[in-house]
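A.B. asks: this one's sequence-less:
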């Protein structure tokens with residue numbers, strides 16, 4: 001009977017625990033944009049960006065810990081950090097933040113022109129819609145960023161195993 005892998009190797013702090021949800025902070029901030037001061041939205045981007053940076057550094061450390069010829073170590077670490085940072089920046093911050101922002105802005109505009117609802121009701125409805133689309137957009141954006149990275153940046157280092165990115 002084969003030995004089970006060590007528990008620490010199974011669990012990725014940034015992908016397999018509650019910490020992953022920190023990457024979605026900016027989407028929540030964008031959903032609440034019409035109700036909170038702009039500083040709160042910017043703070044949510046700070047939380048998400050910190051998550052992205054921490055995940056990239058973590059993947060770089062893990063790539064550096066792999067046993068192999070020392071000559072390729074710095075390249076392996078650099079590729080892991082760059083690949084993770086670019087993937088996370090696009091899939092966790094830029095694209096979903098833009099998507100939630102535009103859906104919320106459009107819904108607030110449409111509600112303002114098609115209903116006579118009070119402004120507070122329109123803002124809360126927009127916020128609810130923004131929160132509801134987050135789980136719907138995550139996987140399509142992740143897969144699209146995988147495709148984008150596989151079709152562009154990752155072609156620059158085809159011989160190196162790409163870091164896992166979801």
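C.D. replies: Ah, there it is. All values reported here derive from a predicted model rather than from experimental measurement. Residues are numbered from 1 along each chain as shown.

A.B. asks: excluding its backbone neighbours, what's nearest residue 19?
C.D. replies: residue 13 (5.6 Å; CB to CB, 6 or more residues apart in numbering). Where you see a C-beta, it was placed from the backbone N, CA and C, and this is true even at glycine.

A.B. asks: SS state for the one you found?
C.D. replies: When classified by DSSP: H, G, I helix; E, B strand; the rest coil, residue 13 comes out as coil.

A.B. asks: pretty sure it sits against residue 22.
C.D. replies: No. Counting by CB atoms under 8 Å, residue 13 stays clear of residue 22, with 10.9 Å between them.

A.B. asks: ok, these two, which is more surrounded?
C.D. replies: residue 22 (18 against 13; other CB atoms under 10 Å).

A.B. asks: and after whichever helix or strand residue 58 is part of, which helix or strand comes next?
C.D. replies: Element membership for residue 58, per DSSP states H and E: helix 38-65. With elements assigned by DSSP H and E, the helix or strand that comes after helix 38-65 is helix 73-88.

A.B. asks: quick one: list the elements packing against that next one.
C.D. replies: helix 38-65, helix 119-151 (3 or more CB pairs under 8 Å, 6 or more residues apart in numbering; DSSP states H and E).

A.B. asks: so which of the ones you listed gets nearest residue 87?
C.D. replies: Of all the helices and strands packed on helix 73-88, helix 119-151 sits nearest to residue 87, with 5.8 Å by CB to CB.

A.B. asks: may I see the buried residues of the closest one?
C.D. replies: 122-123, 125-127, 129-131, 133-134, 137-138, 141-142, 145-146, 148-149 (16 or more other CB atoms under 10 Å).

A.B. asks: can you check stretch 74-92 too?
C.D. replies: Buried-residue list, stretch 74-92, by 16+ other CB under 10 Å: 76-77, 79-92.

A.B. asks: contacts made by that stretch with the rest, please.
C.D. replies: Counting contacts by CB atoms under 8 Å, 6 or more residues apart in numbering, the residues outside stretch 74-92 that touch it are 23-24, 26, 48-49, 51-53, 55-57, 59-64, 66, 68, 141-142, 145-146, 148-149, 153-154, 157, 160, 162-163, 165-166.

A.B. asks: can you give me phi and psi for residue 33?
C.D. replies: phi -50, psi -40 (degrees, to the nearest 10).
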